[in-house]
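>>> For reference, the sequence and a predicted model appear below.
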Amino acid sequence: YLSTIMRLWRLTTKIVLIKFTGKMAAIPACIMLGVALAGNIHIRRCAKSGPSAGSWKHRRPEIYELKGQYYQVIGHAWDHEVKDFKVVYRPLYHCDAAKDRFEAHTMAVSHFSRWEEKFKRVPAHEIRRLPKSVTTLILDGPFDFDPEWSQCRRTLPASPTISQRSGLGTRSHEVASLEQIIGDYQGFIEEVHRRLQCKGIDALKRSYEMDHICFRCETVDQYQQVVSALVPSFGESLVECMIGGRPISTIRLHRPICHAGFKVTCIEVPCPKAGRGYKSGLEHAELVVGQALDGVKGTARIRAFVKNCKAEGLDLEFDERALSKGINADVSVTLPPPEGTPPSPLQPSLGPIAVKFHQRPLYEVVDYELKQGSVELVPEDYFSQ
């Protein structure tokens, strides 16, 4: 381009006369040539990189791996011939024809039994670590558009909580509501707030963020079913990692729960520990008492919070055992139903509720741990044992 720039410099004194609406207009030739050159450069770039190639980094694409090759899921499409859904995907490499197997292609479809048996999903936090030859081919989404669409983005296998109004196929977009999956979350949020108020803490007046609520599962099967129902239909998995000897999934909702003045961004789903029995249901909520400068390490803000609560004479017995954690230290309280108050109309049989207090929201903690490489991933054979 250096020679082109030199030509532009020589042309600055020349004038091109253009006839426009019956009048003569004078335009420097360098401007005309510059516009043409800019357009040429833009066309070259588009031809080289492809539409939106590599611009996915503000989203979390669905990437799968099979035998060292990677694939991006575009969506689930209805096949009118077999009258069922199939996975639509694209290889993240140049896929030439293979004798007696397939023609050269840039997109393909697969039935779900093959897909779920052979393809392994790449965790969201590992996508950026894939080879550059793969990540540069990832396209941004979404790959569909319907402003009136109110169903889930992906299909799920047929079950009593998943509607198949057509009576056809084995899957459907019309899955259960969030309330059917995790229970009356609105009543739970209201009850957490009500019980804290009875103890002298008004989380709304103190501007405490309720960053997540936790749903416990009774069995490993239920854990897998709940996570599959939530992701990707209702949210994206920020991480699934080993904590305390069992997997815990942190799911960031596509649409945060906005209720009773709170905005809940995440749902935490722990897998039950081996040999331990848990009652299924919403178990605890977590509130953020710190500021951005407090960070996810240290305990100064948490200790100040506990000290202030005691100075105010609040009737709270804090469990401080988790203050020793190097990252995301917290304190917790167990709140039984207040004595002498009528039961909640939405949660009449709700027992004790745990409320935890930490310095920063869970999604910030996860992001920090992923960047630090301190996440213990779930072993590949964990659920097959």
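Cool, the structure landed.
>>> residue boundaries of the helices in the chain?
2-11, 29-49, 112-118, 132-135, 178-182, 185-198, 220-230, 300-311, 362-372 (DSSP state H).
>>> so what does the last one touch, helix or strand wise?
Contacting helix 362-372 under the criterion 3 or more Cβ pairs under 8 Å, 6 or more residues apart in numbering; DSSP states H and E are the following elements: strand 209-216, strand 235-243, strand 246-259, strand 262-270. C-betas here are computed from N, CA, C, even on glycine.
>>> Check the third one too.
Counting contacts by 3+ Cβ pairs under 8 Å, 6+ apart, helix 112-118 packs against strand 84-91.
>>> what about 10 Å?
strand 63-66, strand 69-79, strand 84-91, strand 108-110 (3 or more Cβ pairs under 10 Å, 6 or more residues apart in numbering; DSSP states H and E).
>>> so who does Arg246 touch?
Val220, Tyr223, Pro270, Cys271, Pro272, Lys273, Ala274, Arg276, Val378, Tyr382 (Cβ atoms under 10 Å, 6 or more residues apart in numbering).
>>> Recalculate using a threshold of 7 Å.
Pro270, Cys271, Pro272, Lys273 (Cβ atoms under 7 Å, 6 or more residues apart in numbering).
>>> What's opposite the closest residue to the last one other than its chain neighbours in the beta bridge?
Read that as Lys273. Distances taken as Cβ to Cβ, 6 or more residues apart in numbering place Arg246 nearest to Lys273, at 4.8 Å, with adjacent residues excluded. For Arg246, the beta-bridge partners under DSSP bridges are Ile243.
>>> Quick check: the gap between Arg246 and Glu240.
11 Å (Cβ to Cβ, to the nearest Å).
>>> what's the answer for Val264, then?
20 Å.
>>> ditto for Pro379
11 Å.
>>> Just give me the residue closest to the centre of the chain.
Glu236 (2.6 Å; Cα atoms, centre = their mean).
>>> If that one is in a bridge, with which residues?
Applying DSSP bridges, one finds that Glu236 bridges with Arg252.
>>> Pro91 contacts Val73, doesn't it?
No. Using Cβ atoms under 7 Å, Pro91 makes no contact with Val73, being 11.5 Å away.
>>> who has more neighbours, those two?
A direct count of neighbours by other Cβ atoms under 10 Å for Pro91 and Val73 places Val73 higher, at 21 against 16.
>>> For that one, which non-adjacent residue is closest in space?
Per Cβ to Cβ, 6+ apart, closest to Val73 is Glu62, 3.9 Å.
>>> roughly how far apart are the one you found and Pro232?
7 Å.
>>> who's more crowded, the two?
A side-by-side neighbour count of Glu62 and Pro232, using other Cβ under 10 Å, places Glu62 first with 20 against 16.
>>> ok, that one to Phe318 distance?
Glu62 is 42 Å from Phe318, by Cβ to Cβ.
>>> can you tell me which residues contact Gly261?
By Cβ under 7 Å, 6+ apart, the neighbours of Gly261 are Leu204.
>>> one more time with 8 Å
Contact partners of Gly261, counting by Cβ atoms under 8 Å, 6 or more residues apart in numbering, are His193, Leu204.
>>> Tell me the spacing between it and Glu103.
57 Å.
>>> and if you look at Arg154?
Counting by Cβ to Cβ, the gap from Arg154 to Glu103 is 27 Å.
>>> the more surrounded of these two?
Arg154 (18 against 9).
>>> quick one: that one and Phe234 touch, right?
No. Contact between Arg154 and Phe234 fails when scored by Cβ atoms under 8 Å: they sit 10.2 Å apart.
>>> residues near the closest residue to Phe305 other than its chain neighbours, how many?
Using Cβ to Cβ, 6+ apart and skipping the chain neighbours, the partner closest in space to Phe305 is Val289 (4.7 Å). Per other Cβ under 10 Å, the neighbour tally for Val289 reads 23.
>>> what sits against Gly281?
Applying Cβ under 8 Å, 6+ apart, the residues contacting Gly281 are Gly183, Phe215, Arg216.
>>> Skip the chain neighbours and tell me the closest residue to the second one.
If the residues on either side of it in the chain are set aside, Phe215 comes closest to Ile182, at 4.6 Å by Cβ to Cβ, 6+ apart.
>>> residue contacts, that neighbour?
Counting by Cβ under 8 Å, 6+ apart, the residues that Ile182 touches are Phe215, Val226, Leu230, Ile267, Leu282.
>>> Who are the contact partners of the nearest residue to Glu179 once chain neighbours are set aside?
Of all residues not flanking Glu179 in the chain, Tyr185 sits nearest, at 6.5 Å (Cβ to Cβ, 6+ apart). Applying Cβ under 8 Å, 6+ apart to Tyr185 gives the contacts Leu178, Glu179, Ile213, Ile257, His259, Val264, Leu282.
>>> ok, now His259?
Tyr185, Gln186, Ile189, Glu190.
>>> Just put the residues you listed in JSON lines and tack on pLDDT and distance to Glu364.
As requested, the contacts of His259 are exported to JSON lines (pLDDT from 0 to 100; distance: Cβ to Cβ, whole Å):
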{"residue": "Tyr185", "pLDDT": "95", "distance to Glu364": "22"}
{"residue": "Gln186", "pLDDT": "95", "distance to Glu364": "25"}
{"residue": "Ile189", "pLDDT": "96", "distance to Glu364": "21"}
{"residue": "Glu190", "pLDDT": "95", "distance to Glu364": "26"}
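>>> Please pick the buried ones from the residues you listed.
Tyr185, Ile189, Glu190 (16 or more other Cβ atoms under 10 Å).
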